[in-house]
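Asker: the amino acid sequence is not available; the structure is as follows:
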């Protein structure tokens with residue numbers, strides 16, 4: 001159960017939280033939401049009626065997020081159903097127009113296949129419409145200069161960069177806390193930046209998981225699940241937000257290739273498959289779309305993107321692309 005804290009109640013000071021705990025005997029958000037004596041809470045926290053109502057509204061949004069009704073999913077005016085262009089024609093075609101709100105896109109592939117460049121290109125498209133982006137830089141190599149190029153350069157592009165917030169958590173626990181903090185800020189409607197949020201990018205998830213993967217499988221799986229749970233709750237608060245996860249790829253030996261043949265050096269590339277590194281037991285069904293990025297071994301500087309999973313379109317579709325100054329260009 002959520003406790004009353006600066007993260008869950010950002011409009012309250014530390015002193016007000018302390019007084020709520022001491023004078024009103026409230027430690028959990030549920031206590032605050034179900035409080036029968038309104039004046040006692042207002043007195044303890046030194047709030048006027050308007051401040052109290054705003055606080056209670058934000059608390060209820062956190063502990064009881066509104067459901068997404070089927071009527072909302074079908075109405076063309078809903079942000080959930082209206083695809084937003086990614087700025088990449090080939091990708092828009094694969095996604096039937098672009099990314100919708102409350103959808104998760106997973107990009108995976110080898111190093112140097114343009115996963116981060118694709119994130120920058122999609123981000124620049126979102127920034128053009130004065131909406132905002134939260135970018136989890138889990139590799140600690142975010143380049144504002146490169147994003148500025150994708151936005152077209154110039155004073156207008158520099159101004160757009162104000163609408164992207166780069167977040168650099170140091171471990172898995174911090175990632176969960178940061179996602180929860182975003183959800184709380186959206187619930188309390190405290191900041192205009194979070195009210196205009198349309199895209200969250202995690203680049204890349206394995207980089208924050210690999211350092212702890214040998215310590216305890218149960219531990220990192222737990223936090224991986226909590227990240228997804230927090231995002232799904234966030235979707236319920238704002239169905240106009242889309243999420244992109246950047247993942248690594250691993251090569252798996254297909255069934256039927258004998259160990260004897262492997263040792264003898266008889267290796268056929270058709271006996272190997274490329275899959276996403278985070279596995280398929282819990283994570284596999286979470287993304288709405290999964291896109292595999294590969295280098296073209298025959299043509300230098302050319303890449304391909306193949307749709308391996310899709311909630312709306314046919315799997316197996318692909319497009320070719322190149323990485324240019326203005327970002328990803330499909331052809």
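Answerer: That came through fine. As the structure is a prediction and not an experimental result, all values here were calculated from the model.

Asker: tell me, how many residues neighbour the residue lying closest to residue 302 once chain neighbours are set aside?
Answerer: For residue 302, the nearest residue in space outside its immediate sequence neighbours is residue 296; the separation is 4.1 Å by C-beta to C-beta, 6 or more residues apart in numbering. C-beta: built from backbone N, CA, C; applies to glycine. Per other C-beta atoms under 10 Å, the neighbour tally for residue 296 reads 13.

Asker: got phi/psi on residue 8?
Answerer: In terms of degrees, to the nearest 10, the main-chain angles of residue 8 are phi -80, psi -20.

Asker: measure it to residue 50 for me?
Answerer: Residue 8 sits 20 Å away from residue 50, taking C-beta to C-beta, to the nearest Å as the criterion.

Asker: then residue 288?
Answerer: Applying C-beta to C-beta, the value for residue 288 to residue 50 is 39 Å.

Asker: more crowded one of those two?
Answerer: Between residue 288 and residue 50, counting by other C-beta under 10 Å, residue 288 is the more crowded of the two (19 against 8).

Asker: tell me who's in contact with the more buried one.
Answerer: The contact partners of residue 288, taken as C-beta atoms under 8 Å, 6 or more residues apart in numbering, are 103-105, 309-312.

Asker: could I get those residues as CSV with secondary structure, pLDDT and distance to residue 159?
Answerer: Putting these into CSV (DSSP: H, G, I helix; E, B strand; the rest coil; pLDDT from 0 to 100; distance: C-beta to C-beta, whole Å) gives the following:
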residue, secondary structure, pLDDT, distance to residue 159
103, coil, 91, 28
104, strand, 92, 29
105, strand, 94, 27
309, strand, 89, 37
310, coil, 89, 35
311, coil, 85, 35
312, coil, 85, 34
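
Asker: looking at these, which is nearest residue 192?
Answerer: Comparing the contacts of residue 288 against residue 192 with C-beta to C-beta places residue 103 closest, at 23.9 Å.

Asker: spatially nearest residue to that closest one (excluding sequence neighbours)?
Answerer: residue 288 (4.4 Å).

Asker: now swap in residue 22 and tell me
Answerer: In space, and not counting its chain neighbours, residue 22 is closest to residue 44: 8.0 Å by C-beta to C-beta, 6+ apart.

Asker: I figured the one you found hits residue 20, correct?
Answerer: Yes: under the criterion of C-beta atoms under 8 Å, residue 44 makes contact with residue 20 at 5.2 Å.
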